[in-house]
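Undergrad: what follows is a protein structure lacking sequence information:
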């Protein structure tokens, strides 16, 4: 049987580890904190509004040094207004056409940007389409032609202002990658304090649905950057040059 | 396979020391990243002790490597990904090439991967007529210039903006400029076309997760996201030790990796990839291949004294703190891995005798140990390598580097362990060395095997009388006076 070299390879490792049989630690994949997990999760979920606003403040502070613009707004419509303003003010980097690509996500639909952008004569592309082979190439091209990409996120880590995006149908990866400007719209409740809380939630997601993380998941902390030429920081190496996060705090 | 040039360590080190541009770049780098990492560790909510915890996490993974790798490959295959286990560089390169040929690949874009340097992937692809474009800005500069990286995470640290400006105007046809922003933009434009037209993306793997069956890739530029999202085929190369048990291990590991590598709280982009794109998603690769590579690592694993080295996550933090790397630069180390990590890993992978100068050149000052985000005791292993060079070692096939030295030290220990033999030797040395003293009273050159003592500094001649003898005389005199 062709096992792509696995058996011999693993056999070699077992030999190197100095044991004949399978010697997986019996405690592998068990968590000492398993018992504490529900308590931690409860704490995150039942966090009072005032504390959440505190996290937003923390996130705003963390965002500054890594060049992220955090903008608190009350309603999705306000976020939509902000996006329209950006689309009008900013110029496309790669061509003349002003095209905006958006996640097909309820929160993004709620902002109502689709209608306003079309009204202004700007191109609008949603990531819903047939995802067959032609669909793939077409969508990547459309995302590459767009100058603004609008996504939501699954979580946001206040400590570092890190967005956590799980790819799914209608929530494609290119939207946060190919356009020159990335805009994310999230709810205040999606902000967690630190990575410990984030991984607790990811563990919970996995427990509830073993396939929860099957797709690609990306952490984004700031716009694309490089310091490879004489250690001088430059934004916009390959990914987006600018990053805006609209946080919906509720009316 | 990448040629090892560790034999030219001395030559290259001298060249590095005499290069004023490199000296300035290295000093800046160490000041910024080395000091920055130190401060970032101190500012951890859990304190610098968190590095010990990370060490335990890494060691547990290394000790359970067999089952972790089995779980990883099972998960990835269940999602339609391919996993290949490569015993050595040759097998790994062949698998990548076969995959490229089967998919009619003409252009591959590559995210920074030191492992791809280790296995010599670029040369093999070039020989097969397939273009491999490096996409990390530093690596791109190095590739255009036809050089080799000199730092694990800042590969072009040895080049000035002036050199890069000239290079870009020649190779990319842009007007000459020294502005890093304009230069970066030119590379951004050139590489964007490649990202959008490449048929294959090649990346490394930072720390895979066995529990969920993902590889992870980390970058600041976004080039690795591009390489793993846009081309139809994604090939990820992974050193077999680069895995952890549980998803939540990444909490500690990524926070420390980001601090160690670039004094950041969190790297710009971290992606978890577990297979090809699902049928209902419009981007991501149609084919995903994970190549898990041994290439000498099982031998390190089998040696309990060197096993710790497999905890390394190749962040480059030790380079940013090492006083030796800070002077000689990365090229002297002559292989994909430079600095203290290279000084241990290269001899273990490529032969301890062949790469002997690497571990002999380090100072054992311990800075690398303080810098390491996963608390690896590099000085201990440097010393161990030296002892193998001094005594020889069958298991590692090390021949005694200098048998005469061993004999000399045997004699020395015989002499110094008895007072009278030591005094006789001192007396003889005084006579023998006297004619070599210059006008200033210093000895500035000795012949034959003693040359090394005066090669780069003057030596003081022995005092006319030893301290002990002077002391005795003094005490005697005092005693007499008091009487």
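TA: On my side now, so go ahead. Small disclaimer: the values here were computed from a predicted structure and weren't measured. Numbering: from 1, shown residues only, chains lettered A, B, ... in the order given.
Undergrad: rest of the way, CA atoms for contacts and neighbours
TA: Will do.
Undergrad: ok so residue A:70 is a strand residue?
TA: Yes. Judged by DSSP: H, G, I helix; E, B strand; the rest coil, residue A:70 forms part of a strand.
Undergrad: that one and residue A:242 touch, don't they?
TA: No. Counting by Cα atoms under 8 Å, no contact exists between residue A:70 and residue A:242, whose distance comes to 11.5 Å.
Undergrad: just for chain B, where's the confidence low?
TA: B:1-2, B:483 (pLDDT under 70).
Undergrad: look through it and tell me its longest helix.
TA: Ordering each helix of chain B by length in residues (DSSP state H) puts helix B:180-197 first.
Undergrad: close to chain A, is it?
TA: Yes. Helix B:180-197 comes into contact with chain A (Cα under 8 Å from any Cα of the partner chain), by way of B:180-181, B:184-185, B:188, B:191-192.
Undergrad: against residue A:135, how distant is residue A:141?
TA: For residue A:141, the distance to residue A:135 (Cα to Cα, to the nearest Å) stands at 10 Å.
Undergrad: residues near the closest residue to residue B:214 other than its chain neighbours, how many?
TA: The spatial neighbour of residue B:214 that comes closest, neighbours along the chain excluded (Cα to Cα, 6 or more residues apart in numbering or on different chains), is residue B:274 at 4.3 Å. Residues near residue B:274, counting by other Cα atoms under 10 Å in any protein chain shown, number 29.
Undergrad: cool, the one 3 residues further on as well?
TA: Taking other Cα under 10 Å as the criterion, the count of residues near residue B:277 is 25.
Undergrad: per-domain residue ranges of chain B.
TA: Each structural domain of chain B that the record assigns through automatic domain parsing is listed here as a residue range: B:6-299, B:403-482.
Undergrad: and these, which is most packed in?
TA: Comparing these on average neighbours per residue, with mean count of other Cα atoms under 10 Å in any protein chain shown, the densest one is domain B:6-299 at a mean of 21.
Undergrad: phi first, then psi, for the spatially most central residue of chain A.
TA: Residue closest to the mean C-alpha point of chain A, counted by Cα atoms, centre = their mean, is residue A:165 at 2.5 Å. Dihedral angles phi and psi of residue A:165 (degrees, to the nearest 10) take the values phi -120, psi 120.
Undergrad: mind telling me the two of the residues of helix B:180-197 next to chain A farthest from one another?
TA: The largest distance within these, taken as Cα to Cα, falls between B:180 and B:192 and amounts to 17.8 Å.
Undergrad: quick one: residue B:106 from residue B:130, how far?
TA: Distance, residue B:106 to residue B:130, using Cα to Cα: 5 Å.
Undergrad: with residue B:292 instead?
TA: 22 Å.
Undergrad: same question, residue B:404
TA: Per Cα to Cα, residue B:404 is found 51 Å from residue B:130.
Undergrad: cool, residue A:49 as well?
TA: 56 Å.
Undergrad: got the contact list for stretch B:36-44?
TA: If you take Cα atoms under 8 Å, 6 or more residues apart in numbering or on different chains as the criterion, stretch B:36-44 is touched by B:47-48, B:256, B:259-265, B:317, B:371.
Undergrad: what are the ranges of the strands in the stretch 1-150 of chain B?
TA: In order along the chain, the stretch 1-150 of chain B carries the following strands (DSSP state E, counting those that start in this stretch): B:82-86, B:107-110, B:131-134.
Undergrad: and these: which comes nearest chain A?
TA: With Cα to the nearest Cα, the closest approach to chain A among these belongs to strand B:82-86: 5.0 Å.
Undergrad: so is the closest one next to chain A?
TA: Yes. Where contact is defined by Cα under 8 Å from any Cα, part of strand B:82-86 touches chain A, namely B:83-86.
Undergrad: checking the residue of the stretch 1-150 of chain A found nearest chain B next. Helix, strand or coil?
TA: For the stretch 1-150 of chain A, the nearest residue to chain B under the criterion Cα to the nearest Cα is residue A:16, separated by 4.0 Å. Assigned with three-state DSSP, residue A:16 falls in the helix class.
Undergrad: with residue B:156 instead?
TA: When the structure is split into helix, strand and coil by three-state DSSP, residue B:156 lands in coil.
Undergrad: residue contacts, the residue nearest to it when sequence neighbours are not counted?
TA: For residue B:156, ignoring the flanking residues on the chain, the nearest one in space by Cα to Cα, 6+ apart is residue B:138 at 4.8 Å. With contacts taken as Cα under 8 Å, 6+ apart, residue B:138 has the following neighbours: A:228-229, B:154-157.
Undergrad: equivalent analysis for residue B:100, please.
TA: For residue B:100, the set of contacting residues under the criterion of Cα under 8 Å, 6+ apart consists of residue B:200.
Undergrad: and the gap between it and chain A?
TA: Taking Cα to the nearest Cα, to the nearest Å as the measure, residue B:100 and chain A are separated by 17 Å.
Undergrad: measure that residue to residue B:134 for me?
TA: Here the distance between residue B:100 and residue B:134 works out to 16 Å (Cα to Cα).
Undergrad: likewise for residue B:374?
TA: Note on residue B:374: its distance to residue B:134, by Cα to Cα, is 28 Å.
Undergrad: before we move on, what about residue B:235?
TA: If you go by Cα to Cα, the gap between residue B:235 and residue B:134 works out to 14 Å.
Undergrad: spell out which residues of the stretch 151-251 of chain A are next to chain B.
TA: By Cα under 8 Å from any Cα, the part of the stretch 151-251 of chain A that sits against chain B consists of A:160, A:168-170, A:172-174, A:177, A:195-196, A:199-200, A:203, A:213-226, A:228-232, A:234, A:236-239.
Undergrad: which of the residues you listed fall in helices?
TA: Among these, the residues falling in helices (DSSP H) are A:195-196, A:199-200, A:203.
Undergrad: in JSON lines: those residues, plus pLDDT, distance to residue B:216 and neighbour count.
TA: Written out in JSON lines, the entries for those read as follows (pLDDT from 0 to 100; distance: Cα to Cα, whole Å; neighbours: other Cα atoms under 10 Å in any protein chain shown):
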{"residue": "A:195", "pLDDT": "97", "distance to residue B:216": "16", "neighbour count": "21"}
{"residue": "A:196", "pLDDT": "96", "distance to residue B:216": "18", "neighbour count": "17"}
{"residue": "A:199", "pLDDT": "97", "distance to residue B:216": "15", "neighbour count": "16"}
{"residue": "A:200", "pLDDT": "96", "distance to residue B:216": "18", "neighbour count": "22"}
{"residue": "A:203", "pLDDT": "94", "distance to residue B:216": "17", "neighbour count": "22"}
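Undergrad: the strands in chain A, which residues?
TA: Along chain A, the segments classed as strands by DSSP state E run A:68-73, A:99-102, A:123-126, A:148-151, A:155-157, A:162-166, A:181-187, A:191-192, A:217-220, A:225-226, A:234-235, A:242-248.
Undergrad: those into JSON lines, with extra columns for mean pLDDT?
TA: Conversion of the strands of chain A to JSON lines gives the following (pLDDT from 0 to 100):
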{"stretch": "strand A:68-73", "mean pLDDT": "98"}
{"stretch": "strand A:99-102", "mean pLDDT": "96"}
{"stretch": "strand A:123-126", "mean pLDDT": "89"}
{"stretch": "strand A:148-151", "mean pLDDT": "98"}
{"stretch": "strand A:155-157", "mean pLDDT": "98"}
{"stretch": "strand A:162-166", "mean pLDDT": "98"}
{"stretch": "strand A:181-187", "mean pLDDT": "98"}
{"stretch": "strand A:191-192", "mean pLDDT": "98"}
{"stretch": "strand A:217-220", "mean pLDDT": "98"}
{"stretch": "strand A:225-226", "mean pLDDT": "96"}
{"stretch": "strand A:234-235", "mean pLDDT": "95"}
{"stretch": "strand A:242-248", "mean pLDDT": "98"}
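Undergrad: can you pull out the helices in the stretch 301-450 of chain B?
TA: With DSSP state H, counting those that start in this stretch as the definition, the stretch 301-450 of chain B shows helices at residue ranges B:325-328, B:339-350, B:356-361, B:367-371, B:378-391, B:403-416, B:419-433.
Undergrad: kind regards, and thank you for your time.
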